[in-house]
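Undergrad: sequence plus the predicted model coming up.
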Amino acid sequence: MNPYRRYQQQSEPATGWTRMDLLLALYDKALERLDKAEAALQARDQAGAVTLLLKAQQIVMALAEGVRVEVNPEVNGNILRLYEYAAHELARADLEGVGNVRKVLRTLREGFEAVRAEGNAMERDGRLTPMSHAAVVAATA
C-alpha cells in the first residue's frame with residue numbers, strides 16, 4: 001500500500017467524517033441552537049435564550065477561526081465579515097437578530113453543501129489536508 005494512503009487512513013477519524021461533513025455539522029448545530037433560542041425568546045425565557053445564543057456564537061467563532069483569508073482574500077474576507085455580523089447579531093439576543101443570523105448561516109450552509117462533493121474529493125485525493133476534528137466536534141457539543 002502507498003505509504004501516504006496508509007497515513008491518510010490512520011489519521012482519518014473513526015467516524016469517517018470529512019472536512020465538509022464537519023463544517024456542515026457546525027452549521028446544522030448552530031441553526032438548531034437558533035431554533036431553540038427563538039422558541040425560548042417567544043416563551044419569554046431570556047436566560048435560556050441567552051445560553052443557547054452564546055453556544056451558537058461559539059460555533060460561529062469556531063467557523064470564523066477556520067477561515068484562511070490569505071487563500072482567497074475576496075471570498076474568504078467576505079465570509080469572515082458575515083461571521084462577524086452574525087456574532088454581533090447574536091449578541092443582541094432578540095428575535096430579529098436570530099432571524100438575521102439564521103438567514104446568513106443558511107445561505108452559507110447551502111453554498112458549502114453545493115461544493116461538498118468537490119471538497120470531499122479534494123480531501124480524498126490529498127489536495128486538501130484533513131483538519132483536526134477534535135476542536136470542531138467540541139464546538140458542536
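TA: Now that the structure is in, tell me what you want to look at.
Undergrad: what does the helix of greatest length in the chain contact?
TA: When the chain is parsed with DSSP state H, its longest helix is helix 19-42. With Cβ atoms under 8 Å, 6 or more residues apart in numbering as the test, helix 19-42 has contacts from 17, 46, 48-49, 52-53, 55-56, 59-60, 62-63, 66, 93-95, 98-99, 101-102, 105-106, 108-109, 112-113, 115-116, 119-120, 123, 128, 130-131, 133, 136-137, 139-140. All C-beta spots, glycine's among them, are computed from the backbone N, C-alpha and C.
Undergrad: please tell me how far the residue nearest the centre of the chain sits from Arg109.
TA: In the chain, the centroid-proximal residue (Cα atoms, centre = their mean) is Leu26; its distance is 3.7 Å. As judged by Cβ to Cβ, to the nearest Å, Leu26 and Arg109 stand 9 Å apart.
Undergrad: what do you get for Gly126?
TA: In terms of Cβ to Cβ, Gly126 sits 26 Å off from Arg109.
Undergrad: just Arg116 next, same as before
TA: Per Cβ to Cβ, Arg116 is found 10 Å from Arg109.
Undergrad: and for Arg44?
TA: For Arg44, the distance to Arg109 - Cβ to Cβ - is 29 Å.
Undergrad: more neighbours, these two?
TA: Comparing Arg44 with Arg109 by other Cβ atoms under 10 Å, the one with more neighbours is Arg109, at 17 against 8.
Undergrad: angle of the one helix or strand that one maps to against helix 19-42?
TA: Here Arg109, judged by DSSP states H and E, is contained in helix 95-114. On the basis of axes from the mean of the first three to the mean of the last three Cα atoms, to 10 degrees, helix 95-114 is oriented at 160 degrees to helix 19-42.
Undergrad: right, I'll call it a day here.
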